[in-house]
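A.B. asks: Task: produce atomic coordinates for the following.
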Amino acid sequence: MESVRKVELSTSGKVIESPCGPIIHGLEDVLIKVTSISDIDGRKGILWYRGYRIDDLAKYSSFEETAYLILYGKLPTRSELSEFSERLATNRDLPEEVYSIIKVLAERRVHPMLVLESAISALAGFDPKAGDLSKDALYEQAIRLAAVFPTIIAAHYRFSRGLGLVKPRRDLSQAANFLYMMFGTEPDDISTRAIDLYLILHIDHEVPASTFATHVAISTWTDLYSAIVAGIAALKGPLHGGANEAAMKQYLEIGNPDNARPYVEKLLAEGKRVMGVGHRVYKTYDPRARIYKELVRELSERKGNMTYYRIAEEVEKVVLERLGPKGLYPNIDFWSGIAMYLLGIPYEYYTPIFAMSRVVGWVAHAIEYLGEHRLFRPRACYVGPHDVQYVPIDQRK
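C.D. replies: Numbers count the residues shown, from 1 in each chain. Predicted structure coming up:
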């Protein structure tokens with residue numbers, strides 16, 4: 001059933017007065033398009049993908065099924081899901097030349113997000129239809145892009161550590177295949193579930209900075225590969241990606257559940273941030289965090305290491321007491337770093353794995369926006385001088 005939900009927009013701390021009129025700082029809450037991909041109720045803490053609540057998808061779905069939903073706007077039939085999963089699996093491998101690029105950069109310790117940018121750009125050179133913006137070509141590219149992100153990330157991990165490349169398998173799910181390519185052995189069910197659920201929860205989230213960057217790029221009618229590189233570049237920034245790494249480092253620094261309260265109290269007294277807390281849209285508990293918290297508890301139990309879950313629980317208690325009344329609650333990053341840590345995934349891969357999920361949302365939004373055919377062209381309020389007289393270089397002081 002189609003419906004339009006009125007978006008509640010905040011007004012505090014975002015409007016800057018200028019000689020030309022008010023400026024919306026950071027474009028906060030500025031509506032840029034209509035979409036049917038995802039929706040957020042920040043006050044009630046609800047996230048929908050194509051009208052389905054994230055709670056239901058997290059409980060019943062898989063990455064492959066959710067990716068199909070995001071791309072095509074409906075849940076697949078059994079045969080449609082089987083065909084889609086097969087297309088993902090058969091597109092996982094990379095040209096040898098692209099593996100060579102990844103190897104050279106990984107051995108030079110280039111950050112995996114930069115390698116993602118380079119590999120995706122290179123991959124465009126192997127697609128004779130890279131510049132084709134027809135619907136059929138775009139969906140083919142979308143599947144190709146979603147399929148290769150895990151391969152690029154895992155290849156970087158292996159090459160940067162002097163390990164042999166583990167090629168993708170077609171008989172494993174996206175989550176299981178990723179862990180297999182990373183570590184060389186088939187993962188257990190809880191490890192696979194940890195990645196699969198992470199991918200579901202991060203697949204789309206309306207229009208954050210990286211998705212907006214993808215919109216700006218595709219609005220110029222550039223190719224889809226280049227638009228996705230724009231999204232990767234934006235996600236690399238520490239104000240967007242990287243928060244789960246910071247939260248995990250915080251728990252490692254705390255070290256023991258008994259240290260959590262004094263640690264957080266000290267942070268707050270010094271006016272510092274608690275990592276993994278607060279969100280520009282959610283003014284209550286992030287629904288993704290609530291869901292992933294339970295997974296982290298189960299994963300911690302199965303891995304025989306409850307320390308960091310218990311530390312996070314103690315931090316959470318203080319946060320809810322002190323910051324909850326201010327509308328600041330744990331977000332997905334508060335819990336997800338613990339899962340990555342328990343899976344043995346190094347910090348520098350946390351954000352690339354975020355991208356591995358979000359690429360599906362990026363391509364879906366890019367395809368959706370191309371239907372509007374409108375180039376982004378904002379304006380700026382100039383406050384410098386005009387008609388300054390040019391002075392020859394020998395006469396300048």
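
A.B. asks: so what's the backbone phi/psi at the closest residue in space to T192 that isn't next to it in sequence?
C.D. replies: Counting by CB to CB, 6 or more residues apart in numbering, T192 lies nearest to A176, which is 4.5 Å off, once chain neighbours are set aside. Where C-beta positions appear, they are placed from N, C-alpha and C, glycine not excepted. When quoted as degrees, to the nearest 10, the phi and psi of A176 stand at phi -70, psi -40.

A.B. asks: Quick check, pLDDT for A176.
C.D. replies: For A176, the model assigns a pLDDT of 99.

A.B. asks: That one: neighbour count?
C.D. replies: Burial of A176 is recorded as 20 neighbouring residues (other CB atoms under 10 Å).

A.B. asks: Tell me how far it lies from L268.
C.D. replies: 41 Å (CB to CB, to the nearest Å).

A.B. asks: still on that earlier bit, the residue nearest to T192 against D189, yeah?
C.D. replies: No. At 9.0 Å, A176 does not count as touching D189 under the criterion of CB atoms under 8 Å.

A.B. asks: pLDDT on the helix or strand where A233 lies, on average?
C.D. replies: Using DSSP states H and E, A233 falls within helix 224-236. On average, the pLDDT along helix 224-236 is 98.

A.B. asks: how distant is it from the center of its chain?
C.D. replies: 11 Å (CA atoms, centre = their mean, to the nearest Å).

A.B. asks: which residues are in contact with it?
C.D. replies: 111, 113-114, 116-117, 120-121, 123-124, 127, 130, 133, 138, 141-142, 145, 209-214, 216-218, 240-241, 351, 354-355, 358-359, 362-363, 366 (CB atoms under 8 Å, 6 or more residues apart in numbering).

A.B. asks: Got a quick ChimeraX command for the buried subset of those?
C.D. replies: Selection of buried members from the contacts of helix 224-236 for ChimeraX, criterion 16 or more other CB atoms under 10 Å:
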select :113,116,117,120,121,123,124,127,133,138,141,142,145,209,210,211,212,213,214,216,217,218,241,351,354,355,358,359,362,363,366
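
A.B. asks: Next, the residues that contact stretch 362-376 from outside, please.
C.D. replies: 32-33, 35-37, 70-71, 133, 135, 138-139, 141-142, 145-146, 204, 207, 210-211, 214-216, 218-221, 224, 227-228, 231.

A.B. asks: Worst mean pLDDT across the helices and strands of this protein, which element?
C.D. replies: Counting by mean pLDDT, DSSP states H and E, the weakest-scoring helix or strand in the chain turns out to be strand 15-18, with a mean of 86.

A.B. asks: That one pairs with which strands, and in what direction?
C.D. replies: strand 21-24 (antiparallel) (DSSP bridges).

A.B. asks: hmm, who's touching the strand it pairs with?
C.D. replies: 14-17, 30, 381.

A.B. asks: run the last query once more with 7 Å
C.D. replies: Residues from elsewhere that reach strand 21-24, judged by CB atoms under 7 Å, 6 or more residues apart in numbering: 14-16, 30, 381.

A.B. asks: Check stretch 40-50 too.
C.D. replies: By CB under 7 Å, 6+ apart, stretch 40-50 touches 8, 36-39, 53-54, 57, 66, 69-70, 73, 204, 206, 281-288.

A.B. asks: if we can go back for a sec, of the contacts of strand 21-24, grab the buried ones for PyMOL.
C.D. replies: Applied in PyMOL, the following selects the buried portion of these according to 16+ other CB under 10 Å:
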select buried, resi 14
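
A.B. asks: If we only consider the contacts of strand 21-24, which is nearest to L105?
C.D. replies: Nearest to L105 among the contacts of strand 21-24, counting by CB to CB, is V30 at 36.4 Å.

A.B. asks: Tell me which residues touch that closest one, please.
C.D. replies: Neighbour list for V30: I24 [criterion: CB under 7 Å, 6+ apart].

A.B. asks: That one - that's part of a helix, no?
C.D. replies: No. Assessed with DSSP: H, G, I helix; E, B strand; the rest coil, V30 is coil; it does not lie in a helix.

A.B. asks: ok, back up a step: among the contacts of stretch 362-376, which ones are in strands?
C.D. replies: Taking DSSP state E, every one of the contacts of stretch 362-376 sits outside strands.

A.B. asks: and the gap between the residue nearest in space to the middle of the chain and E298?
C.D. replies: The structure's the chain has its C-alpha centroid closest to F354; by CA atoms, centre = their mean the separation is 3.9 Å. Separation of F354 from E298 (CB to CB) stands at 21 Å.

A.B. asks: on that earlier part again, just the buried residues of whichever helix or strand comes after the helix holding A233, please?
C.D. replies: Next in sequence after helix 224-236, counting helices and strands by DSSP H and E, comes helix 243-254. Residues of helix 243-254 classed as buried: 243-248, 250-251, 254 (neighbour count, 16+ other CB under 10 Å).

A.B. asks: which secondary structure elements does helix 243-254 contact?
C.D. replies: With contacts taken as 3 or more CB pairs under 7 Å, 6 or more residues apart in numbering; DSSP states H and E, helix 243-254 sits against helix 307-322, helix 332-342.

A.B. asks: and the longest one, how far out from the chain's middle?
C.D. replies: Going back to what we said before, that points to helix 307-322. 24 Å.
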